[in-house]
Structures are given as C-alpha cells and as structure tokens.
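**Student:** Got a predicted structure here, sequence first:
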Amino acid sequence: MPIVSPAPLASLSPALFAAATGRLHSLFQPDIDTAAPMLAAAIGGKRVLVIGGAGSIGSAVTVELADLKPAALHVIDQSENGLAELVRHLRSRPAGLEVADFQTLPLDYGAPVTEMFLRAQAPYDAIFNFAALKHVRSEKDVFSLLQMLDTNLCKQVRFMGWLRDLGYASRYFCVSTDKAANPVSLMGSSKRLMEHVLFSEQAVPGLQAVITSARFANVAFSDGSLLQSFLNRLAKRQPLAAPRHTKRYFVSFQEAAQICLLAALTAPGHSIVVPKLDPSKDLVDLQAVAERVLRHFGFEPAYYDDETAARHAVAAEMTQGRYPLLLTPLDTGGEKPYEEFVGLGEEAFEIGLQPCGPCPICRRRRTAWDGCWRWCRPRCVVSAASSKANWSQRSRASSRISPMPIAGTTSISGCKAGGCPARMIGTMVRHGRNKSGHDGL
C-alpha cells in the first residue's frame, strides 16, 4: 500500500504544494524578477541577521537570502534541532552554501545573551524577525497566553530597544499575520499590537530603522499547520480530518519567502505589505485540499463523520485503496470563516512593482521599477512617515482607488483601471490611526 513518511519540509514536491495552492509555479515570481536588482543590491556582500530562522517561513527566507550571496548570514532560533536541519539542507542542496560567515545560534531573541551577541557583532545591514507564537490554540489557557504576549510583544520591544541603543538604522522586517486585520482572537490581537509596537514612535523612541511587515495567507504544510498534520496522520496511519465548508488562501514556502523578501527590502518604511489574491481563484476548500493530498499519495478519500469509526477503519480502507477522511465542523475558537488582509480604517495602495501611475505622495508619474516608490522615497516617504496626518491626507488625495474584494472584505488598490498587473505586493497598508482617530483595536 502507498504510504507517506515524514520528510523535511524543504523536500516537499511542487506537485504536493499544488494540491494546496492550485499552482505549480510561484504567483510572485514576476515581481521577484522585477525587483531582482534591488534585492541583489540590498543583500549581496551585506551582513544579515535572521531571527526565528529555523521555522517554516524563516528557513525558506534564509535559503533565499543565502542565494543572494551576503557577506554574513547569522540565524537565531530556539530550536536547536531545527537549526541543525537548516544547516544540513543548505550544505546538501545543489547550490550548496557559499556564505563565508554563516552562523546558527540557539538563542532566545529576547534573552540577555542575545543583547550580548548583538554587541559583539559588526553592524547588520538587514534584520528579519520571524519569532512568534502564532497559533490560535496557544490562547487556550492563561499561562500560554502570557507566553504569547511575552514573545510577540515584550521581547519585541526589548529587542528593538537593543537595536536603538546600538544605533541601528538599516532595514528591520517583522512578519505579521492576516489574523491581525480586524482581530477576533487574542493571538490576532497580540500580532496587531505587535504592529503598533513596530510602527509607534513611542514604543521604542529614537529607533531609526526602516521598519516593514507583511500579512499573508496560510503557508501550506508549515510546522504545526493542518496540512502538515495530513502528512503526519498518513505517516502514522491515522485518519485525516478537515472542517467542512471552510476556505483558505494558501501560499508555498517559496511564495512566503518571496513575499517577505519583497516586503523587507523594497517596501517603504512604516508599511505592512499584503499579497493581491483573488477570492474567486485563490481561495481553496480545505476538504478539497485533503482529497487532493490523499490522491497525491495514491488513495481515494473515504468519508466519515464519526471519529471513532474513522480511527478503526484505516487498515480496512487501505486494503481497498481508500483512506478515512473525517469531516468536521469548523470548531477552532477565534478562527474567522473568511480571511482578510486589510483592516477597517486602513488604507491600501500599490507600491510600484509594475507601472502604476503617479506616486501617491509626490504625484510624479514613473513607468519603470525606479518609478513611484524607489524614485521618491528619500524625498517623500521619510518625511511623510514623520507626519501620519499629512501622509493620510496626501495618500487619499493622490491615489486613484478602486475596490478590490478580498475574501469577504474590501481593500483598496491604488492603480488606475483596476490595479497593476503585479501580483505580489499589489496592496500595501500604511499603518497608523484610522479615520476616526482610533488605533483599530
């Protein structure tokens, strides 16, 4: 009988990712190609630090960064085993590991030893932070919730304070989540507060870094995800379980890494970058994903609605080339029935990966990559960031906006005639107070 064995996430095939995303090739590769010179200039020969680099997204970004040939690439994560596997993967892949100064350190990014490490290093040119508690289940009790707040908020403030004390003024990227847009869970609220910590001049006064973030879809087969549990259940010959009538956006590891690279290295400061996804094409049903995963491994789904019956049916169904799929109601508290990337009171607009008309600040029109943002960033974006009120007024006055539905909500595209052809970073949120003067919480 066909059966899957646990495998490193890096070894998952494009066909398996396609079972979740519905595509064999990255949706955002054209945007990466457009921005390639800027990415190479930002990382090539530079010093880079990755925090939380052993996790699913962090390790995918680390692989992409290694290919950009930095002079130094340092990776921090509390998972010692995860770091060991990351090193093995980088050294064993066809491209190898050609970074002269590559280090992995099993550190807690908010612990005093990390401050000592930072002080012992030459200044970094870019810092990526993926450390977080990001599961809604982690708010199930007060102790887990306190740890979530400590990791997502308190350590963030502490780490940014260390950067300020060291005079750090380069790029700092910290990943967020779609659950931070109009949060309905404590986890989402903690990430929303983290965004305020990132962009508030009061949280860490004096920090001069260029700070960006990103919200995006579920990463297919990432650590702890429902899709990864499909593979684990198959390997252990246990039934798969999927909620009925539940749709989600999915991106592959490569796509998640590309979103983070573009957000971290090309977006203007004080911004949250989101992908442009079409609910009519990109939302996928979780039951359908489970069915495609089973067929990928040679099984037809056998549907069950009783957990006990499904558990006892695995062996018998496998002899017939079938596999139990338990269908359940959506029962995870704090989960939305739909996904959204832009919250109420936030403004979104194109950031110029493709020709997109006048710059929303200076209103000068540019038609190439050096257009809009890169061209006017020194003159307009920095000064606008220091005056959120002016930014809000100017961006509304100068942007050509049209509604773009995203999974039950509405975001705003800043381009003429329905938006840019760019699929990555098609929409950007300028984070700050909403039109009513509140912070959105």
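**Tutor:** All right, it came through fine.
**Student:** where in the stretch 301-441 of the chain is pLDDT low?
**Tutor:** 331-335, 337, 351-441 (pLDDT under 70).
**Student:** Run a quick neighbour tally on H270.
**Tutor:** Residues lying near H270 (other C-beta atoms under 10 Å) number 23. The C-beta positions use only the backbone N, C-alpha and C, and glycine is treated the same way.
**Student:** so it makes contact with L207?
**Tutor:** No: H270 is beyond contact range of L207, at 11.8 Å (criterion: C-beta atoms under 8 Å).
**Student:** Quick one: list the elements packing against the helix or strand where Q156 lies.
**Tutor:** In this structure, Q156 is located in helix 155-165 according to DSSP states H and E. For helix 155-165, the packing partners by 3 or more C-beta pairs under 8 Å, 6 or more residues apart in numbering; DSSP states H and E come out as helix 112-120, strand 126-129, strand 171-175, helix 186-199.
**Student:** What residues sit buried inside it?
**Tutor:** K155, Q156, R158, F159, M160, G161, W162, L163, R164 (16 or more other C-beta atoms under 10 Å).
**Student:** Need the nearest residue in space to Q103, chain neighbours excluded.
**Tutor:** H74 (4.7 Å; C-beta to C-beta, 6 or more residues apart in numbering).
**Student:** What strands line up against the helix or strand that contains that neighbour, and which way round?
**Tutor:** Using DSSP H and E, H74 sits in strand 72-76. Partner strands and pairing direction for strand 72-76 (DSSP bridges) are strand 47-51 (parallel), strand 101-105 (parallel).
**Student:** Give me the residues contacting the helix or strand following it.
**Tutor:** Counting by DSSP H and E, the next helix or strand C-terminal to strand 72-76 is helix 80-92. Residues outside helix 80-92 that contact it (C-beta atoms under 8 Å, 6 or more residues apart in numbering) are 8, 10, 53-55, 59, 62-63, 66, 75, 77, 96-97, 102, 104-106.
**Student:** Hey, what's the angle from helix 80-92 to strand 47-51? Just curious.
**Tutor:** Counting by axes from the mean of the first three to the mean of the last three C-alpha atoms, to 10 degrees, helix 80-92 lies at 140 degrees to strand 47-51.
**Student:** what's the distance between helix 80-92 and the middle of its chain?
**Tutor:** The chain centre lies 21 Å from the centre of helix 80-92; the measure is C-alpha atoms, centre = their mean, to the nearest Å.
**Student:** swap in stretch 313-329?
**Tutor:** Taking mean C-alpha positions (C-alpha atoms, centre = their mean), stretch 313-329 and its chain are 33 Å apart.
**Student:** Please apply the same query to stretch 192-206.
**Tutor:** 19 Å.
**Student:** Counting neighbours, which bits of that stretch end up buried?
**Tutor:** Per 16+ other C-beta under 10 Å, stretch 192-206 contains these buried residues: R192, L193, M194, E195, H196, V197, L198, F199, A203, V204.
**Student:** Turn these into TSV, columns for distance to E307 and pLDDT.
**Tutor:** Listed next are the buried residues of stretch 192-206 as TSV, based on distance: C-beta to C-beta, whole Å; pLDDT from 0 to 100:
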residue	distance to E307	pLDDT
R192	34	92
L193	37	92
M194	36	93
E195	38	94
H196	41	92
V197	41	93
L198	42	94
F199	44	92
A203	45	92
V204	48	95
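**Student:** With distance to T177 as added columns, please give those residues in JSON lines.
**Tutor:** Converted to JSON lines, the buried residues of stretch 192-206 look like this (distance: C-beta to C-beta, whole Å):
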{"residue": "R192", "distance to T177": "9"}
{"residue": "L193", "distance to T177": "12"}
{"residue": "M194", "distance to T177": "9"}
{"residue": "E195", "distance to T177": "10"}
{"residue": "H196", "distance to T177": "14"}
{"residue": "V197", "distance to T177": "15"}
{"residue": "L198", "distance to T177": "13"}
{"residue": "F199", "distance to T177": "16"}
{"residue": "A203", "distance to T177": "19"}
{"residue": "V204", "distance to T177": "21"}
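**Student:** buried sites along the strand or helix carrying D31?
**Tutor:** Taking DSSP H and E as the criterion, D31 maps to helix 29-43. The neighbour-count check on helix 29-43 (16+ other C-beta under 10 Å) flags D31, I32, T34, A35, L39, A42, I43 as buried.
**Student:** For the residue lying closest to P14 once chain neighbours are set aside, grab the count of nearby residues.
**Tutor:** Spatially, and ignoring its direct neighbours in sequence, P14 is nearest to L24 (5.3 Å; C-beta to C-beta, 6+ apart). L24 is flanked by 11 other residues according to other C-beta under 10 Å.
**Student:** From F17, how far out is L24?
**Tutor:** As judged by C-beta to C-beta, to the nearest Å, L24 and F17 stand 8 Å apart.
**Student:** Now do the helix holding D31 against strand 47-51, angle only.
**Tutor:** Following the same axes, to 10 degrees, one obtains 120 degrees for the angle between helix 29-43 and strand 47-51.
**Student:** now helix 29-43, how far from the centre of its chain.
**Tutor:** 18 Å.
**Student:** Over to stretch 194-208 now: how far is its first residue from its last?
**Tutor:** Length of stretch 194-208, first residue to last, C-alpha to C-alpha, to the nearest Å: 18 Å.
**Student:** Pick the one among the buried residues of helix 155-165 closest to Y338.
**Tutor:** Q156 (27.9 Å; C-beta to C-beta).
**Student:** Looking only at residue counts, what's the top strand in the protein?
**Tutor:** strand 322-328 (DSSP state E).
**Student:** That one pairs with which strands?
**Tutor:** For strand 322-328, pairing defined by DSSP bridges yields strand 240-243 (parallel), strand 300-304 (parallel).
**Student:** How about residues contacting the longest one?
**Tutor:** When you say that, I think you mean strand 300-304. 239, 290-291, 294-295, 310, 313, 317, 321-327.
**Student:** for the shortest one, same thing?
**Tutor:** Residues outside strand 240-243 that contact it (C-beta under 8 Å, 6+ apart): 226, 229-230, 233-234, 286-287, 289-290, 293-294, 307, 310, 323-331.
**Student:** And the buried ones among the residues you listed, selectable in PyMOL?
**Tutor:** Applying 16+ other C-beta under 10 Å to the contacts of strand 240-243, the buried members can be selected in PyMOL as follows:
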select buried, resi 226+230+233+234+286+287+289+290+293+294+310+323+324+325+326+327
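**Student:** Show the contacting residues for A60.
**Tutor:** Applying C-beta under 8 Å, 6+ apart, the residues contacting A60 are F253, Q254, A256, A257.
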